[in-house]
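S.K.: Fold the following, please.
(one chain, ligands or ions: 1)
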Amino acid sequence: MSAHVAAGRKAVLHRAMPAARRRGPGLAFGVLADLSVVGLLGLSMWLIVRAGEQPPILHLTFAIVGVRALAIGRAAFRYTERLFSHDAALAQLATLRADTFTALIPRVPGAIESHRRGEVLAAFVDDVDQLQDEPLRVRQPIAVSAVVVILSIAVIALISPLAALVLTVMLLAGGLFAVVLAQRTAGASDRELSAARAGLVDALLERFASAEVLTAFGAIGQQRARIEAAEARLSAVQLRRARSAGATGAILAAASGLASILTLLILLPALGQGVSAPLFAAAVVVPAAVFEVFGQVPAALAARRAVRASADRVAALTETEIPTEIPVPGPADAASGEPQLDPAAPLVEVRDLAVRHPGAARDAVSGLSFELAAGQTLVVTGESGAGKSTLALALVRFLAYRGSYRLRGVEASTLPIADVRKTVGLCEQLPHLFDADLRQNLKFARDTATDEELMAALDRVGLGEWARSRGGLDAAVGEHGALVSGGQAQRIALARALLADFPVVVLDEPTAGVDRELADRLLLDLVGAVPADRAVVLITHTELPEGIRAQRIELAAPSV
Ligand SMILES: Nc1ncnc2c1ncn2[C@@H]1O[C@H](COP(=O)(O)OP(=O)(O)OP(=O)(O)O)[C@@H](O)[C@H]1O
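M.R.: Have a look, this model is predicted:
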């Protein structure tokens, strides 16, 4: 394992662990619960045999009360342990998921292009979930059983050091055998499990995302076969893991039985001479309880392998280096206070701008300069691949830039990224619509907006009548906007931008996929809908209709 992978895994596992003070109570109650298991078996055996000797009942009172206390304590301590340890782990999981998401944001898609969608989804959902096992199913059971097993062996050593030694040897031998067997049988399937899960998610995503194409070309059958094969692979891996867990359990049960038989043989000569019958009976059954507690260790080691495999996959997504072409939050993002903008300076001022995509050998935009004041429109044209969308991405700081890009006199790279995105809003080429109603699709731009304000925004982009005919703001837009046309989706996206009230709105190819006549109307409507004191950057490959007064720049694709 390379140092880089090891460091990434360590960082991910560290984020999965709750703080020590939050783990403490779970650990303490876990020890008490398992001590109760061992104590209960030993004490009740002692009580049964002692009662058979018919002593005065008074001599049994302590043991009777003890058995009751341990029986109640076992359940109560276990419940409390689960409460504390799950509370800590689940709280940590919420933080971990948010941290993972935050770490993914600057890396998507540039830094993790080589990962398939299903892989990213499986890592974000299943693998992050699996990480909560690190505190719950790996560290806690190992720590608890270590304490309880050592204490139990110490108590048995007081009765017979030889019996304690035999129990220790049996625990070590049985444990080692079970762990090695599990490693050999389940080790590979732990690594395969997530790949098999990701394969199934990938096949399902493809099925749902491309249902129309698959149906149209009669390829549904092949796709179903792919899903079934992925499912069969996942079942086979899970079956191997279950078999391995079963074999481990069987080995430990055999070792436990053997330990009891050996203890019996060792203590038999001393029975009645130094070791009383009740104590003898207790010592013979205690190994079974100790093995029950110790049985958590192989399970914890199996969980450890799965958790480490998950941590590696999460690290491969979140611990990769962020390419320098992608802006990351800097000191300005952490600083509090409003940035000092100069109201007299131009709204946008770009000088000698160069922008490059991560991993690309050359700049997609270079040597670009323009100035844009409030109330102005800038039209950016250029052939396909000239860098128009790249410019849009740089203006909203999805891509880093070289040269100068000032907003109200302040260099954008020194501003908090969120502030730039509050100033410059992007209506992307294919706007994403959520599978919800119009209200939800608009409201996330300004969650305090009233229904009247939402309808007013729709009116401004020429969608008011259409929305009313569909039942108003409750009208559904369908998955990925399936129930609305391309032009309507663009208008909804602009209505959002109007609600968010960006001083600068970038419209990236708002007429893509719309016929010429409609495109002219749409462009006029879209640009006309932006308030007069706001600026518009309109990226388009079509001729401008008459009536749009704008400065123009034409981008040229860099020569190869
Ligand atoms: N994610 C990416 N990684 C690497 N290169 C990219 C990426 N996206 C775009 N490019 C390259 O950057 C250049 C500019 O692309 P861009 O999408 O900005 O062009 P465009 O002018 O918007 O084209 P179109 O009119 O077809 O949308 C192209 O050469 C393209 O291949």
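S.K.: residue ranges with poor pLDDT in the stretch 101-250 of the chain?
M.R.: Residues of the stretch 101-250 of the chain that meet the criterion pLDDT under 70 lie in 108-115, 118, 186-188, 190-191.
S.K.: what about the helices in it?
M.R.: With helices called from DSSP state H, counting those that start in this stretch, the stretch 101-250 of the chain shows them at 117-122, 128-130, 133, 140-159, 161-209, 211-216, 220-267.
S.K.: looking at the ones you listed, which is closest to residue 325?
M.R.: helix 117-122 (19.9 Å; C-beta to C-beta). In this view, the C-beta of every residue, glycine as well, is placed from N, C-alpha and C.
S.K.: Below-threshold pLDDT in the chain: ranges please.
M.R.: 1-2, 108-115, 118, 186-188, 190-191, 336-337, 479-482, 513-515, 558-560.
S.K.: ok, the residue most central in space within it to residue 201 distance?
M.R.: Nearest to the mean C-alpha position of the chain, by C-alpha atoms, centre = their mean, lies residue 124 at 3.3 Å. Distance of residue 124 to residue 201, computed by C-beta to C-beta, to the nearest Å: 11 Å.
S.K.: go on, residue 375?
M.R.: Residue 375 sits 49 Å away from residue 201 when distances are taken as C-beta to C-beta.
S.K.: of these two, who's got more company?
M.R.: A side-by-side neighbour count of residue 375 and residue 201, using other C-beta atoms under 10 Å, places residue 201 first with 20 against 13.
S.K.: right, and that one touches residue 123 too?
M.R.: No - with contacts counted by C-beta atoms under 8 Å, residue 201 stays clear of residue 123, the gap being 10.2 Å.
S.K.: tell me which parts of this protein are close to the ligand?
M.R.: By C-beta under 6 Å from any ligand atom, the part of the chain that sits against the ligand consists of 357, 360, 364, 382, 384, 385, 386, 387, 388, 389, 390, 541.
S.K.: From those, which land in strands?
M.R.: residue 382 (DSSP state E).
S.K.: Of the residues of the chain next to the ligand, grab the buried ones for PyMOL.
M.R.: To isolate the buried ones among the residues of the chain next to the ligand in PyMOL, judged by 16 or more other C-beta atoms under 10 Å, type:
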select buried, resi 357+364+382+386+387+388+389+390
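S.K.: For residue 135, give me its contacts.
M.R.: Counting by C-beta atoms under 8 Å, 6 or more residues apart in numbering, residue 135 touches 16, 17, 18, 23, 85, 88, 89, 92.
S.K.: Just give me the neighbour total for the nearest residue in space to the first one that is not next to it in sequence.
M.R.: In other words, residue 16. Distances taken as C-beta to C-beta, 6 or more residues apart in numbering place residue 131 nearest to residue 16, at 4.1 Å, with adjacent residues excluded. By other C-beta under 10 Å, the residues close to residue 131 number 25.
S.K.: How about the contacts made by residue 131?
M.R.: With C-beta under 8 Å, 6+ apart, residue 131 has these contacts: 12, 13, 16, 93, 96, 307, 310, 311, 314.
S.K.: Which member of the contacts of residue 135 is positioned nearest the ligand?
M.R.: Proximity of those to the ligand, judged by C-beta to the nearest ligand atom, is greatest for residue 16, which lies at 31.6 Å.
S.K.: residues near the closest one, how many?
M.R.: Residue 16 has 26 nearby residues by other C-beta under 10 Å.
S.K.: ok, now which ones touch it?
M.R.: Neighbouring residues of residue 16 by C-beta under 8 Å, 6+ apart: 92, 93, 96, 131, 132, 134, 135, 307, 311.
S.K.: cool, and residue 262?
M.R.: Per C-beta under 8 Å, 6+ apart, neighbours of residue 262: 163, 166, 170.
S.K.: switch to 7 Å and redo it
M.R.: residue 166 (C-beta atoms under 7 Å, 6 or more residues apart in numbering).
S.K.: now do residue 32
M.R.: 73, 77.
S.K.: Please tell me how far it sits from residue 69.
M.R.: 12 Å.
S.K.: buried sites along stretch 462-469?
M.R.: 462, 463, 464, 467.
S.K.: Quick one, which of the helices of the stretch 101-250 of the chain gets closest to residue 74.
M.R.: Between residue 74 and these, the shortest gap by C-beta to C-beta is with helix 140-159, which sits at 12.2 Å.
S.K.: Which elements pack onto that closest one?
M.R.: Packing partners of helix 140-159 (3 or more C-beta pairs under 7 Å, 6 or more residues apart in numbering; DSSP states H and E): helix 20-52, helix 161-209, helix 277-294, helix 296-318.
S.K.: which of the residues of the chain next to the ligand sit farthest apart?
M.R.: The distance between the two most remote of the residues of the chain next to the ligand (C-beta to C-beta) is 21.4 Å, for 360 and 541.
S.K.: Could you pull up phi and psi at residue 160?
M.R.: Backbone torsions of residue 160, given as degrees, to the nearest 10, read phi -150, psi 110.
S.K.: residues in contact with the nearest residue to it once chain neighbours are set aside?
M.R.: Nearest-residue entry for residue 160: residue 267, 5.9 Å, with adjacent residues in sequence omitted and distances by C-beta to C-beta, 6+ apart. Applying C-beta under 7 Å, 6+ apart to residue 267 gives the contacts 160, 163, 275, 280, 283.
S.K.: Enumerate every residue touching the third one.
M.R.: Residue 275 is in contact with 159, 267, counting by C-beta under 7 Å, 6+ apart.
S.K.: what about the residue in the stretch 201-350 of the chain that the ligand sits nearest to, distance to residue 419?
M.R.: Closest residue of the stretch 201-350 of the chain to the ligand, C-beta to the nearest ligand atom: residue 325 (8.9 Å). As judged by C-beta to C-beta, residue 325 and residue 419 stand 21 Å apart.
S.K.: re earlier: is the residue of the stretch 201-350 of the chain closest to the ligand in contact with residue 356, as I believe?
M.R.: Yes - the criterion here is C-beta atoms under 7 Å, and residue 325 meets it with residue 356 at 5.4 Å.
S.K.: Outline the domain layout of the chain.
M.R.: 3-318, 331-555 (automatic domain parsing).
S.K.: On the three-state scheme, the closest residue to residue 359 other than its chain neighbours is what?
M.R.: Among residues not flanking residue 359 along the chain, residue 323 sits closest, at 6.8 Å (C-beta to C-beta, 6+ apart). What DSSP: H, G, I helix; E, B strand; the rest coil gives for residue 323 is coil.
S.K.: I'd assumed residue 360 was in contact with residue 323.
M.R.: No - checked against C-beta under 7 Å, the pair residue 323 and residue 360 is beyond contact range at 9.8 Å.
S.K.: For the nearest residue to residue 156 once chain neighbours are set aside, grab the count of nearby residues.
M.R.: Closest residue to residue 156 apart from its sequence neighbours, by C-beta to C-beta, 6+ apart: residue 164 at 4.4 Å. Other residues within reach of residue 164 by the criterion other C-beta under 10 Å amount to 20.
S.K.: Run a quick neighbour tally on the closest residue to the residue of the stretch 201-350 of the chain closest to the ligand other than its chain neighbours.
M.R.: Nearest residue to residue 325 in three dimensions, chain neighbours excluded: residue 358, at 4.4 Å (C-beta to C-beta, 6+ apart). For residue 358, the neighbour count with other C-beta under 10 Å is 16.
S.K.: quick one, what contacts the closest residue to residue 547 other than its chain neighbours?
M.R.: For residue 547, ignoring the flanking residues on the chain, the nearest one in space by C-beta to C-beta, 6+ apart is residue 524 at 5.7 Å. For residue 524, the contacting residues are 545, 547, 548, by C-beta under 7 Å, 6+ apart.
S.K.: On the three-state scheme, the first one is what?
M.R.: Local secondary structure at residue 545 is given as coil here, using three-state DSSP.
S.K.: Kindly report the same for the one 4 residues further on.
M.R.: Assigned state for residue 549: coil (three-state reduction, three-state DSSP).
S.K.: Many thanks, we can stop here.
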